[in-house]
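*Asks:* okay, structure incoming, though there's no sequence with it:
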């Protein structure tokens with residue numbers, strides 16, 4: 001070819017190939033291993049360790065120059081340690097010349113502090129987004145954010161995933177058709193409505209109130225919808241202290257519900273949550289593994305299902321620059 005030189009051939013041969021690298025923090029290594037297995041890759045070495053004064057250190061075991069790096073770290077308790085560990089991994093990756101860094105946070109810490117409800121309060125969900133961005137994260141992947149506005153706290157792309165497909169699959173396999181999907185408060189009505197549409201069942205709402213200044217106390221005022229003589233399935237994004245789902249379940253039973261299940265994506269299970277669930281009129285509690293659930297927390301009525309495949313599919317879509325929304329048929333928007 002006229003004008004074609006050996007240098008041109010060399011440039012073509014030196015065109016870099018895209019490379020995916022998956023690494024994990026120490027908050028939930030079991031989930032990271034499961035995601036890696038779904039993708040058919042091996043987790044990279046981060047060599048995380050603590051100095052005697054409790055400061056954290058990270059050093060990648062091999063070169064990550066030019067790679068598309070996905071750092072998996074759910075913000076499990078102790079939340080501050082999990083977040084700080086992720087920031088250090090991101091910073092180390094940026095300084096090691098990773099081409100693109102994606103922070104995969106199955107559970108996004110501080111997500112409930114997404115607005116000011118009283119004066120002189122922080123908006124800590126925004127602060128966490130700023131920290132991830134400042135550390136060097138180019139994009140964030142998370143599952144069932146507490147509110148849609150959190151996506152706007154980060155200046156880069158945010159891929160919002162939902163555990164709905166695995167929860168709906170569970171209901172199709174384990175529940176009869178005559179169920180009522182229940183939103184425990186007005187904030188989850190839109191999500192509960194999607195569940196009811198895909199399952200072809202009725203929808204109900206528990207109107208609740210949290211007394212001013214109270215963190216754990218919840219009052220269920222009334223139930224909107226027909227629940228008498230039927231099985232009710234409460235759908236929420238997380239079970240923290242379990243006050244909301246337990247209060248809602250008690251109100252549903254008062255209204256004549258014959259059976260109550262609770263389903264949530266994030267099993268925080270803080271404080272007296274397990275005691276509340278044991279004593280509650282709830283026959284089954286179904287959560288996902290976005291957060292680790294230790295054996296001592298796995299009471300008889302608690303079932304844990306995996307979202308590893310959903311996260312793996314999203315990572316693959318991000319790496320291949322294809323649509324994440326198509327994985328959920330556009331049903332992943334809050």
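*Replies:* That came in fine, so what should we check first? Since we're looking at a predicted model, the values are computed, not measured. Numbering: from 1, shown residues only.
*Asks:* in the stretch 201-334 of the chain, which spans are helices?
*Replies:* Ranges of helices in the stretch 201-334 of the chain, per DSSP state H, counting those that start in this stretch, are 243-254, 273-279, 308-319.
*Asks:* give the residue spans of the chain that score low on pLDDT.
*Replies:* Within the chain, the segments meeting pLDDT under 70 span 1-16, 210-218, 220, 333-334.
*Asks:* hmm, try it at 90
*Replies:* Low-confidence segments of the chain (pLDDT under 90): 1-18, 117-118, 176-178, 185-188, 207-221, 328-334.
*Asks:* with adjacent residues omitted, what lies nearest to residue 115?
*Replies:* Distance criterion Cβ to Cβ, 6 or more residues apart in numbering; nearest residue to residue 115, sequence neighbours excluded, is residue 123 at 6.3 Å. No exception for glycine: its C-beta is placed from N, CA and C like everyone else's.
*Asks:* out of the helices of the stretch 201-334 of the chain, which is closest to residue 94?
*Replies:* helix 308-319 (17.7 Å; Cβ to Cβ).
*Asks:* quick one: contacts for the residue lying closest to residue 256 once chain neighbours are set aside?
*Replies:* Distance criterion Cβ to Cβ, 6+ apart; nearest residue to residue 256, sequence neighbours excluded, is residue 228 at 3.4 Å. Residue 228 makes contacts with 255-257, as judged by Cβ atoms under 8 Å, 6 or more residues apart in numbering.
*Asks:* residue 283 versus residue 228, what's the distance?
*Replies:* For residue 228, the distance to residue 283 (Cβ to Cβ, to the nearest Å) stands at 17 Å.
*Asks:* just the helices of the stretch 201-334 of the chain: most buried one?
*Replies:* Highest mean neighbour count of the helices of the stretch 201-334 of the chain: helix 243-254, a mean of 23 (counted as mean count of other Cβ atoms under 10 Å).
*Asks:* ok, and what's touching that one?
*Replies:* Residues contacting helix 243-254 (Cβ under 8 Å, 6+ apart): 182, 184-185, 204, 206, 208, 216-220, 222-223, 227, 232, 234, 236, 239, 260, 262, 264, 276-277, 280-282.
*Asks:* buried subset of those residues, written for ChimeraX?
*Replies:* Per 16 or more other Cβ atoms under 10 Å, the buried members of those correspond to this ChimeraX selection:
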select :182,184,185,204,206,208,218,220,223,227,232,234,236,239,260,262,264,276,277,280,282
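*Asks:* residue 68 bridge partners, please.
*Replies:* residue 20, residue 100 (DSSP bridges).
*Asks:* what helix or strand is residue 35 on?
*Replies:* Using DSSP states H and E, the element containing residue 35 is helix 29-39.
*Asks:* again, but for residue 74
*Replies:* Going by DSSP H and E, residue 74 is not in any helix or strand.
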